[in-house]
Structures are given as structure tokens and as C-alpha cells.
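S.K.: here is the input, now give the coordinates:
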Amino acid sequence: MYDSSVGISVAVIGGGSWGTTVAHLVSHNVATKLWCRDPKVATSITQDHRNLSYLPDFCLSNDLVASVQLGEVLSDVDIALVAIPSQSFREVLRQMKPHVKSGTPIISLAKGLEQGTTSTMTQIINEELPASPSGVLTGPNLAQEVLQGFATASVFAMRDKANTEEISKIFTTEKFRVYTSSDVKGCELGGSFKNVLALAAGMTIGLGTGDNTIAAVITRGLAELARLGEAMGAKPETFYGLAGLGDLIATSFSTQSRNRYVGEQLGKGKRLNDVISQMDNVAEGVMTAPVVSELGKEYKVETPIADQVTAVINGSITPPDAYELLMLRDHGAEN
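M.R.: A predicted model of the protein is given here:
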């Protein structure tokens, strides 16, 4: 078990906007090192205390240091936090493996599902680093608002209660409140599926169909999430908390949301490749939508919104077509 009474060090793997934000946050509590792919990003964080590529307007903790040397960042750390996009997550874990001490907790900061395997990030951790306890930090956490010091609530999930309580303390500050959960699967599914639903919400905004439509997409999407998650063994109540509804609201309504932005541009008639090519960060929902549709078929759960988002992403239909097809579905009981 991690003992917070002993001085510890943390490695954050991934120097994008969220990885940098969490590293900044954690560095106020414990010694923290950040791994970045880009030498320019690592240098700007260590020397200028700014991530000039992803968060140029925010001053970072003076105690935070960054490096492109994975072995250096992981040397003798007690906890590793991994903020790598879901489709590259396994590859980076394999690079980490020679440098990670046996038993070191590995915590996912990603919100996606792996294509080809449908695995969550903690499942990948368990496969690639079986000697390491795994967990996930998730919730409505928009990076810029966290850095601005706005009050934020998140949820940290591990299967071991003692580890959960202790490790959650490294994230906690006066303005960043962390709740705990043992429902790792539910927390990961909530964080992943909400990105798909945010794409759908963004499409309705781009189409200009009004707030009633957005509300319908969000609530019916949440019902899809809860049905599928329960079929997969998650706790239904998880999807009505921070990892589900809370994250869904923030990602669907905030103009800072990458997934909402992509959906909105698609709703306005822009091509997916053109939208993605102009973005610095990854919109996880684009890669996750087909996985959600696949899981729906596997578990025999209807996921009509995710299916239509997948069809739009694949280019087989347009957002107006998806809107019409959803409205033409047979009516039924709400629950």
C-alpha cells in the first residue's frame, strides 16, 4: 500500500494539455517529473515554467521538471500517471516497462477505448504491467479551468480501497476535490463514452437544431451509457456521478471541449480529416465511437446515438442524415 506519510515521487507520462495540468497539480503535493515527447516542450516547462505548445497562457509550478528521457523520469518513482491517448497507450506502457519497479501503481489519465481489443486503459495496464496496481482519475476536468484555479471535482478509482484513499491525496488541493470509487470499469466507461456523446451534442450545435435537441441527445445518450455499462458489469450509479453525467455535461457544453468542437464542425458540414488536421490535441471520441458500437453489439445493448456518430465518422452518412434517422426510430418507454 502507498503510504502518504513517506516522501514520495510521481512521474507523469505525457506532456499534452491534461498531462501537464495534472503534473502541475500534483507537484504542489509531491515531487513530480513529467515526460514529454517533444524536447521543446520539455525545455519550456523546465526553464520557462510554461507549456508553450499546449498551454502557452498558463504559468506552471516552479517545482515541476520535464524531460524527454523516459528512464530518467521513471527512475525510482513511487507512482506513475499516464496521460497518453488511448490508441498509443499500450505502446508507451511497453516503453515504460523496463523502467518501472514491480508494484508501482500505474494510474490512467486517458479517456478512451482501444480499437481492435475494446480494452479500457486499466485493462491494458493489467496486461502489460501485471505486477502494478492500476487505477484511473476521471471526471469533468477541463484543463484550462483547473489551471485557472476554478473549483473542480474529480473521481479516483482503484479496486483496492486502501490504495485508493492514499493515492487520491496526491491530487487533492484546495480547489481540486477528489472523490473515490471502487468501480474502475464504470469510471473508465463513463469517461470514454461521454466523448462520443459530446461529438453528438456538438453535431446538434453545428446543425443549429436548438437546446431541446442537445438536452435530448445528452439524456438519451446517458441512458445508452448506463445500459451498456451495466451489461458490462459496471455499477449503474457510477454513470450518474462525476465520471458519467458530470463529465458528460462539461464535455458537451464547454467550448473548451475538443470532442464537442469536432462534432460542431462536422455539423456545419466540414470534413473530419480537415478538422482533425488543424487540432493540436486528440479528440478521443473519434476513435472511441466505433468501439462503443462494437461493444453494444457484443453485449446486445442498443446504442443508437453512438451508432450514428460512428456512421458519420466513417463517412457513410452526414450529420443531417444521422439527425433524421434518430428521429425516425420507433418510440418506446423512457426507461
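S.K.: chain neighbours aside, what residue packs nearest to S181?
M.R.: Leaving out its chain neighbours, the residue that sits closest to S181 by CB to CB, 6 or more residues apart in numbering is A157, at 4.2 Å. Heads up, the C-betas are built off the backbone N, CA and C, glycines and all.
S.K.: the one you found and F89: what is the separation?
M.R.: 17 Å (CB to CB, to the nearest Å).
S.K.: check V10 too.
M.R.: From V10 to F89 the distance is 18 Å (CB to CB).
S.K.: what does A306 give?
M.R.: Here A306 is placed at a distance of 21 Å from F89 (CB to CB).
S.K.: where exactly do the helices run in the stretch 151-300 of the chain?
M.R.: Applying DSSP state H, counting those that start in this stretch to the stretch 151-300 of the chain gives helices spanning 161-167, 184-207, 211-231, 247-253, 258-267, 272-277, 285-298.
S.K.: Throw those into CSV and include distance to T238 and mean pLDDT, thanks.
M.R.: Below are the helices of the stretch 151-300 of the chain laid out as CSV (distance: least, CB to CB, whole Å; pLDDT from 0 to 100):
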stretch, distance to T238, mean pLDDT
helix 161-167, 14, 91
helix 184-207, 3, 97
helix 211-231, 7, 95
helix 247-253, 11, 96
helix 258-267, 20, 97
helix 272-277, 30, 95
helix 285-298, 16, 97
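S.K.: which of these sits most buried?
M.R.: helix 184-207 (a mean of 29; mean count of other CB atoms under 10 Å).
S.K.: can you list the helices of the stretch 151-300 of the chain in JSON lines and add distance to K97?
M.R.: Converted to JSON lines, the helices of the stretch 151-300 of the chain look like this (distance: least, CB to CB, whole Å):
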{"stretch": "helix 161-167", "distance to K97": "21"}
{"stretch": "helix 184-207", "distance to K97": "21"}
{"stretch": "helix 211-231", "distance to K97": "30"}
{"stretch": "helix 247-253", "distance to K97": "30"}
{"stretch": "helix 258-267", "distance to K97": "29"}
{"stretch": "helix 272-277", "distance to K97": "30"}
{"stretch": "helix 285-298", "distance to K97": "24"}
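S.K.: residue boundaries of the strands in the protein?
M.R.: Here the chain has its strands, by DSSP state E, at 9-13, 31-35, 65-67, 79-82, 106-108, 134-138, 152-158, 176-181.
S.K.: mind giving me the packing neighbours of the fifth one?
M.R.: Put plainly, it is strand 106-108. strand 79-82, helix 121-128, strand 134-138 (3 or more CB pairs under 8 Å, 6 or more residues apart in numbering; DSSP states H and E).
S.K.: looking at these, which is closest to K194?
M.R.: With CB to CB as the criterion, K194 lies closest to strand 134-138 of those, at 9.3 Å.
S.K.: next one: F193 relative to E91, how far apart?
M.R.: 23 Å.
S.K.: again with S293
M.R.: Between S293 and E91 the distance is 24 Å, computed by CB to CB.
S.K.: got it, and L199?
M.R.: 25 Å.
S.K.: ditto for S108
M.R.: On the measure of CB to CB, S108 and E91 end up 14 Å apart.
S.K.: start to end distance for stretch 222-241?
M.R.: Chord length of stretch 222-241, first to last residue, is 11 Å (CA to CA, to the nearest Å).
S.K.: distance from the chain centre to it, please.
M.R.: Averaged C-alpha coordinates place stretch 222-241 at 17 Å from its chain's average position (CA atoms, centre = their mean, to the nearest Å).
S.K.: what residues does that stretch touch?
M.R.: 155, 179, 181, 183, 185-187, 189-190, 193-194, 197, 244-245, 248, 292, 295-296, 299-306, 334-335 (CB atoms under 8 Å, 6 or more residues apart in numbering).
S.K.: mind listing what the residue nearest to Q265 when sequence neighbours are not counted touches?
M.R.: Residue nearest to Q265 in three dimensions, not counting chain neighbours: V275, with 4.5 Å by CB to CB, 6+ apart. V275 makes contact with Y261, V262, Q265, L266, according to CB under 8 Å, 6+ apart.
S.K.: S44 versus M279, what's the distance?
M.R.: 20 Å.
S.K.: again with S132
M.R.: On the measure of CB to CB, S132 and S44 end up 30 Å apart.
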